[in-house]
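Novice: make a model of this:
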Amino acid sequence: MSGWREALEHLQTILLAVLFALGVRAFLIEPYSIPSGSMLPTLLVGDHLFVNKFVYGIRVPFTSVRLPGLREPARGDVVVFDVARDGREIHPADRRPELPRERFVKRIVGLPGDRIEVQGDDVRVNGEPVPRRPTGESFDDGIGRPLLVVEEQLDGRRHLALDDPAHVGAEGRFEVEPGRYLMMGDNRDDSHDSRTWGSVRFEEFKGPAFALYWSWDWNGSWASLLDPRTWWDLLGSRMRWSRIGDTIR
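Specialist: Sure, this is the predicted structure:
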């Protein structure tokens, strides 16, 4: 009988740990990994980050109800959100609810009611240019293109962005509707974002990204991790140890 009692106690402990982990994921933080270079140099392919799910208000599971948050989304926040995908085509999730959903991460540039104008490297918010200055540094995007690193300020919050001298990203004038946000990637000339597929409803926001918990230069399958020959490479030259624990701004 004692053996059964010990087994039940272990099972209880495991179940409690699973319930705790699910509760944390549902209400507090959620992991997300970076699959593309649209947010370079802020986020690299292979970065793994945590999303703060309670800052904007916790969503009650299996409902559309969101509890009051600590603050509203702010210009400059890096946010994980849902979009709808139809093959290669991206749509705002609420406007194509029949399509499968996918998670994206971008930076808020336009708030509800804003007028955004993008012309070349110039971004204007309600007629005012977003301050930018060259840093004198360059960034290798991984396919041999040297991109210029610039510093931008959105409402006084500084972040780095990229400028491709050989390519201009999507341009245009945009009016952000009530309850929606215009999202753009920091890799401004090579980001598929709200400039082409539209603004995002607040209801699609999962929360702001706030810290990196893992980062490596690897895009292989998880099955390949079973091969011990890959371990030394992954934990050595492909690991970005210095990025682990970095905050996201």
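
Novice: report pLDDT for residue 9.
Specialist: Residue 9 carries a pLDDT score of 50 in this model.

Novice: er, residue 30 actually
Specialist: Note on residue 30: pLDDT of 90.

Novice: same thing with residue 232?
Specialist: 63.

Novice: for the residue most central in space within the chain, which three-state class applies?
Specialist: In the chain, the centroid-proximal residue (CA atoms, centre = their mean) is residue 105; its distance is 2.5 Å. At residue 105, secondary structure determined by DSSP: H, G, I helix; E, B strand; the rest coil is strand.

Novice: partners of it in the sheet?
Specialist: Each beta-bridge partner of residue 105 is listed here: residue 80, as defined by DSSP bridges.

Novice: hmm, residue 34 and it touching each other?
Specialist: Yes - using CB atoms under 8 Å, residue 105 is in contact with residue 34, at 6.9 Å. Where C-beta positions appear, they are placed from N, C-alpha and C, glycine not excepted.

Novice: common neighbours of those two, please.
Specialist: 43, 49 (CB atoms under 8 Å, 6 or more residues apart in numbering).

Novice: for the residue nearest to the centre of the chain, give me its contacts.
Specialist: Counting by CB under 8 Å, 6+ apart, the residues that residue 105 touches are 32, 34, 39, 43, 49, 78, 79, 80, 81, 209.

Novice: any chance of those residues in TSV, plus neighbour count and distance to residue 65?
Specialist: Written out in TSV, the entries for those read as follows (neighbours: other CB atoms under 10 Å; distance: CB to CB, whole Å):
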residue	neighbour count	distance to residue 65
32	18	23
34	20	30
39	26	30
43	26	30
49	24	26
78	21	25
79	23	20
80	22	20
81	25	18
209	26	23
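
Novice: export these to a markdown table and tack on distance to residue 156?
Specialist: A markdown table is the format used below for the contacts of residue 105 (distance: CB to CB, whole Å):
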| residue | distance to residue 156 |
| --- | --- |
| 32 | 26 |
| 34 | 26 |
| 39 | 21 |
| 43 | 21 |
| 49 | 23 |
| 78 | 16 |
| 79 | 18 |
| 80 | 23 |
| 81 | 24 |
| 209 | 20 |
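
Novice: those in strands, which ones?
Specialist: With DSSP state E as the criterion, strands contain 32, 49, 78, 79, 80, 81, 209 from among the contacts of residue 105.
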